[in-house]
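K.L.:
quick one, structure for this:
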Amino acid sequence: MHFLKWLYPGMKLKRWLLLFSLGVIAVSIGLAVVFNYKYVGALEETIFKMVYLATGKYYYTVTVIVGISVVTLGLMVMMFATRQIIRSVISVIIPDGSERLVELIFQKRKLNRGPSVVVVGGGTGLSVLLRGIKSVTSNVSAVVTVADDGGSSGRIREDLGIIPPGDLRNCLVALADTEPLMEKLFQHRFGGTGTLAGHSFGNLFIAAMTEVLGDVEQALRESSKVLKVRGQVLPASTETLRLVAEMTDGTVVEGESRIPLAGKVIKRLAIRPAQAAPVKASLEAIQEADACILGPGSLYTSVLPNLLVDGIADALRQSQAVKIYICNVMTQPGETDHYTASQHVKAIFDHVGPGVIDYVVVNVEGVACTLQQTYASQGAYPVQADIEELQALGVKVVEANLISETNLVRHDPVKLSRTIMTMVYQLKASSERMKLLDYYLIGENIKELKD
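P.N.:
Here you go, the predicted model:
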C-alpha cells in the first residue's frame, strides 16, 4: 500500500506524524472536558467532599479553563507538526526553497488563469514578445514559421530532412522557466572549423529528439518539459517549406535567406509546397484563443509564411479572438524598404485577404538620432505610423511607446507585453459586457413577444 511508504525508515516524517497524532488526542480530550464539564465537575465534587457546598461552581469554571488550555496546546502541537511535515516534503521536492515554491504557486494559480494568447511569427521579434507575455499568462501558444534555410537551421534541414529548428528553439528558450545555465546551453553555438562549427546545441537537441521520437511535435513537447516551458511551441506545418518571392521586375528569388539579399522590391510571396498542411494543434490553438497576435518580425520571411500555410488564415478569420498585428519599429532592407505601417498591413491583406487583423499596434516613440544614423547606414529607417491610412484599411490603431533603450532599436518586451495584455484584458471585459447586454436585450424581446 502506498500509505505505508510514508512510514519507511529515513523519511523524516514519522516523528512529526506521531507529534500530530498527540496533538489530535490533546484536542479531543480538551473538547471532551469542555463539553462535559458538568459531569467532570460532579466527579470532582465526589472526590473533594470537604468543599462540596462552597466551591462547586468554582470547580466548573476551572474545568472549562483547563479544557480550553488543553485544546489550545493540542492545536499548537498540530500546527507545529504540520509545518515540519510540509518543510520536510518541500525540502525534497523543491530543493531551491520557498522562493521557488512561491513562484510555482503563482504560476499554477495566477498565470494558468490568464487569457489564452496565440502568437504567430518567427525570428527574434517573436521571442521578444514571448518573454514578456509569459510573465502574465501561461496560456500562450507560439505558432512558428518553418521556412528558414540559412545557418545552422538550414544545414540541419538539408542534412536530416526535418523542419528547421532555429526559430522553434528561440521560442522554447523565450518561454522557458529554467536555470540561466540551461538557457545558455540551448543557445550555445559551437566554435572551431569542424562540421559542428556554427551549430546551436539547442538545434541539435531538437533534431536528436525528432529522430528518437519520430515526430517533431512530440519532440517539441518533450523538449518543453526539459526547459519547463510555460505554454506551448508549435510549428505552422511539419512540412519543409521553401519561400518563393516574385519581384516587381519579374525575377523570382527562392529561399528565405536569399530574398532579403536580392536587393529588389517584393511583389508577391508564395510557399512550396503551395498546399502545405497545417499542424492541427496550431489550428485548435487559434480557434480557442482570446487573442491572436501577428508579429513582431520580418514581414515577408517571418509573419506571412505562417499565414500562407493552408488553413491558418482561414482559422484566424473564423476565430472569435481579437486579432492584433504588431508593426515593426524599423524597416528591413531587402524586405520592407521605405514601408509605412499601412503598407505592412496592406501587404498582409494582399496575400491572405481581410479579416485577419482587427487592431494594429504602432510605435510612436522617437528613435535617438545616433541610432537613426547607424541604421540608415544599413538601409533601415523608422516605420512611419500613418494612422489615417491604417484606419482606411478597416483596422483600429493603438499607438504606444515600445522601443527598448539599448544600442539596438527593438521592441521592449515589458512595454510590448504590457500594451498587448492591457488590450486583451480590456477587450475581453468589453466583450463580456456586450454579451450580457445581448442576453438582456434577447430577454426583453422574448418578454415583449409573450406580452
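
K.L.:
now the protein, which segments are flagged as low pLDDT?
P.N.:
1-11, 36-64, 91-111, 179, 405, 429-451 (pLDDT under 70).

K.L.:
all strands of it, in order?
P.N.:
Counting by DSSP state E, residue ranges of the strands within the chain are 117-121, 140-144, 232-235, 242-247, 252-254, 266-272, 291-294, 322-326, 359-363, 396-400.

K.L.:
pipe the ones you listed into TSV and attach mean neighbour count and distance to M421 per row.
P.N.:
For glycine as for every other residue, the C-beta is placed from the backbone atoms N, C-alpha and C. Putting the strands of the chain into TSV (neighbours: other C-beta atoms under 10 Å; distance: least, C-beta to C-beta, whole Å) gives the following:
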stretch	mean neighbour count	distance to M421
strand 117-121	30	8
strand 140-144	30	11
strand 232-235	26	18
strand 242-247	19	31
strand 252-254	14	38
strand 266-272	18	30
strand 291-294	28	9
strand 322-326	25	11
strand 359-363	24	12
strand 396-400	16	12
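
K.L.:
CSV for those, including distance to A380?
P.N.:
Formatted as CSV, those follow (distance: least, C-beta to C-beta, whole Å):
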stretch, distance to A380
strand 117-121, 19
strand 140-144, 24
strand 232-235, 28
strand 242-247, 19
strand 252-254, 20
strand 266-272, 16
strand 291-294, 21
strand 322-326, 17
strand 359-363, 14
strand 396-400, 21
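
K.L.:
so which of those comes closest to L160?
P.N.:
Closest to L160 of those, according to C-beta to C-beta: strand 232-235, at 14.9 Å.

K.L.:
which residues does the residue lying closest to L220 once chain neighbours are set aside contact?
P.N.:
Excluding the flanking residues, the one nearest L220 by C-beta to C-beta, 6 or more residues apart in numbering is V233, at 5.5 Å. Counting by C-beta atoms under 8 Å, 6 or more residues apart in numbering, V233 touches S141, A142, V144, L168, C171, L172, L175, L220, S224.

K.L.:
if we use 7 Å, what do you get?
P.N.:
A142, V144, L168, C171, L172, L175, L220, S224 (C-beta atoms under 7 Å, 6 or more residues apart in numbering).

K.L.:
any idea how far P235 is from the closest residue to the first one other than its chain neighbours?
P.N.:
The shortest distance from A142 to any residue that is not its chain neighbour, by C-beta to C-beta, 6+ apart, is 4.4 Å, and that residue is C171. Counting by C-beta to C-beta, to the nearest Å, the gap from C171 to P235 is 10 Å.

K.L.:
shared neighbours of these two, which are they?
P.N.:
Going by C-beta under 7 Å, 6+ apart, residues that sit against C171 and also against P235 are V144.

K.L.:
L196 contacts F190, doesn't it?
P.N.:
Yes - assessed by C-beta atoms under 7 Å, L196 is found in contact with F190 at 4.3 Å.

K.L.:
overlap in contacts of those two?
P.N.:
If you check L196 and F190 against C-beta under 7 Å, 6+ apart, no residue is contacted by both.

K.L.:
you'd agree L22 is up against M76?
P.N.:
No - L22 lies out of contact with M76 (C-beta under 7 Å); the separation is 11.5 Å.

K.L.:
residues of stretch 357-375 that come out buried?
P.N.:
In terms of neighbour count (16 or more other C-beta atoms under 10 Å), stretch 357-375 has its buried residues at I357, D358, Y359, V360, V361, V362, N363, E365, V367, L371, Q372, Y375.

K.L.:
L241: which of those is nearest?
P.N.:
Checking the buried residues of stretch 357-375 against L241 with C-beta to C-beta, the nearest one is I357 at 22.3 Å.

K.L.:
what's around the residue nearest to A142, how many residues?
P.N.:
Using other C-beta atoms under 10 Å, C171 has 29 other residues around it.

K.L.:
gap between it and R189?
P.N.:
For C171, the distance to R189 - C-beta to C-beta - is 17 Å.

K.L.:
before we move on, what about V244?
P.N.:
29 Å.

K.L.:
quick revisit: turn the buried residues of stretch 357-375 into CSV, including distance to G334.
P.N.:
Shown next, in CSV, are the buried residues of stretch 357-375 (distance: C-beta to C-beta, whole Å):
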residue, distance to G334
I357, 24
D358, 29
Y359, 28
V360, 23
V361, 24
V362, 22
N363, 21
E365, 25
V367, 20
L371, 20
Q372, 19
Y375, 14
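
K.L.:
list the contacts of I324.
P.N.:
A291, I293, D358, Y359, V361, I420, M423 are the contacts of I324 under C-beta under 7 Å, 6+ apart.

K.L.:
so what sits opposite the fourth one in the bridge?
P.N.:
Translated: Y359. For Y359, the beta-bridge partners are I324, K396 (DSSP bridges).

K.L.:
likewise the one 4 residues further on?
P.N.:
The bridge-partner assignment for N363, based on DSSP bridges, gives A400.

K.L.:
just use 17 as the starting number from now, easier for me
P.N.:
New numbering, starting at 17: the last item is N379.

K.L.:
thinking again about what came up before, what two of the contacts of V249 are the furthest from one another?
P.N.:
Greatest spatial distance among these (C-beta to C-beta): V160 and S240, at 12.9 Å.

K.L.:
what residues are up against E238?
P.N.:
Contacts of E238 by C-beta under 7 Å, 6+ apart are M225, L229.

K.L.:
against V228, how distant is it?
P.N.:
Distance, E238 to V228, using C-beta to C-beta: 9 Å.

K.L.:
got it, and L220?
P.N.:
If you go by C-beta to C-beta, the gap between L220 and V228 works out to 12 Å.

K.L.:
which of those two has more neighbours?
P.N.:
L220 (17 against 11).

K.L.:
next one: the residue nearest to that one when sequence neighbours are not counted relative to G247, how far apart?
P.N.:
Nearest residue to L220, sequence neighbours excluded (C-beta to C-beta, 6+ apart): I172, at 7.5 Å. Distance, I172 to G247, by C-beta to C-beta: 24 Å.

K.L.:
swap in I81?
P.N.:
The value you get for I81 to G247, if C-beta to C-beta is used, is 58 Å.
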